[in-house]
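Student: below are the sequence and a predicted model; questions follow.
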Amino acid sequence: MAADADTPDGALSEEAEEAASNSLDEGSPDSEVESGSATDVKPEAAEDDADEAGDHEAEDDNTDSSPEEEAPVKQPMSHVRLATLVGLLIVVALAATVGWSAFRDYESQQAKAQRQLFLQVGRQCALNLTTIDWQHAEADVQRLMDSATGKFYEQFSQREQPFIDVVKKAQSKSVGTITEAGLESDSSNKADVLVAVSIKTTNLGEADQAPREWRMRISVEKAGNDVKVSNVAFVP
C-alpha cells in the first residue's frame, strides 16, 4: 500500500492507459465482429452484381430475337381485291388492244387516202396535157405548170412559150378523156401512175380527126403539203 501511495498520480494513469491499450491490441470481440461482417458483405455484393448481369443478358437475348420471328405475317389477298386487280388488268389489256387496232386502222386509212391522191394527181396531169384550147392557151399551160415539179417542170418551162405559139397558130383544140388509170408503184412520198388517154383534136381548116390513144407513165411525189408531177414518159 505504501508503495502504491508512493507512486505518483501520473505514473498510475500511464500504467492504466497501457493496460487498456494492450487489452484492445489483443482483440476485442467487437472488432472481430466488425471485421467479420466486412468480409461477409463482399460476396453478397458480388452475387447481386452477377444477378444484375444475368438479368441484362436475358434482356439482350430477348431483344436479339431473329427478324423472322419479329416480321409480321403477311395476310393473304382478299378475293375482292384480287378480283378488282384482275378486272383492272383486263380493262388495260382491252384498252391497249383497241388503241392499237384504232391506230392500225388510222394508218391504213391514211395510206389509202394517199394512194388515192397520187392517182388523182396523175389523172389530172394527163388531162392537163391533152386538153388545150388555143383561145386560152396561156391559162391551160399555166395550170399544167402549177402542178409540175422537178425534172418535168424544168423541161416544160423551156418549151412553154413555143408550145403556146404553135397551138395559137394552128387554132388547135384538143380534149382528152381518161380511159384507164392505176398505180404502178407507190411509197410513202411518191408513186408512178399509168394512164391511158383518148384524145380528140381539131385544127383550123382540117376535118375532124379520129381519136388518138396515148399511154403515159406519170411520176408524182410530195412537194411540201402538195403532190406534184415530177416526170412524164410515153409508153407503148
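Tutor: In hand now; what should we look at?
Student: which elements pack onto the longest helix along the chain?
Tutor: The residue-count maximum for a helix in the chain (DSSP state H) belongs to helix 79-130. The contact analysis (3 or more Cβ pairs under 8 Å, 6 or more residues apart in numbering; DSSP states H and E) places helix 79-130 against helix 137-146, strand 173-186, strand 190-202, strand 212-223, strand 226-234. (C-beta placed from N, C-alpha, C; glycine too.)
Student: how big is the angle separating the fourth one from helix 79-130?
Tutor: In this structure, strand 212-223 runs at an angle of 130 degrees to helix 79-130, with axes from the mean of the first three to the mean of the last three Cα atoms, to 10 degrees as the basis.
Student: CA atoms of strand 212-223 as PDB?
Tutor: Provided in PDB are the C-alpha atoms of strand 212-223 (Å, rounded to 0.1, in the frame of the first residue of the first chain):
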ATOM      1  CA  ARG A 212     -55.700   9.000-180.700                       C
ATOM      2  CA  GLU A 213     -54.800   6.800-177.800                       C
ATOM      3  CA  TRP A 214     -51.900   7.600-175.600                       C
ATOM      4  CA  ARG A 215     -50.400   5.700-172.700                       C
ATOM      5  CA  MET A 216     -48.300   7.700-170.200                       C
ATOM      6  CA  ARG A 217     -46.300   6.900-167.100                       C
ATOM      7  CA  ILE A 218     -46.700   9.900-164.800                       C
ATOM      8  CA  SER A 219     -44.400  10.100-161.800                       C
ATOM      9  CA  VAL A 220     -45.800  12.100-158.800                       C
ATOM     10  CA  GLU A 221     -44.200  13.000-155.500                       C
ATOM     11  CA  LYS A 222     -44.800  15.000-152.400                       C
ATOM     12  CA  ALA A 223     -43.700  18.600-152.600                       C
END
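Student: now it: buried residues?
Tutor: 214, 216, 218-223 (16 or more other Cβ atoms under 10 Å).
Student: for the last one, same thing?
Tutor: When neighbours are counted by 16+ other Cβ under 10 Å, the buried residues of strand 226-234 are found to be 227-232.
Student: do the same with stretch 142-150
Tutor: By neighbour count on 16+ other Cβ under 10 Å, the buried set for stretch 142-150 is 144, 147-149.
Student: before we move on, what about stretch 160-175?
Tutor: 164, 167, 172-174.
Student: quick one: which of the residues you listed is nearest to Thr97?
Tutor: Of all the buried residues of stretch 160-175, Ser174 has the smallest distance to Thr97: 55.6 Å, by Cβ to Cβ.
Student: excluding its backbone neighbours, what's nearest the closest one?
Tutor: Nearest residue to Ser174, sequence neighbours excluded (Cβ to Cβ, 6 or more residues apart in numbering): Thr201, at 4.2 Å.
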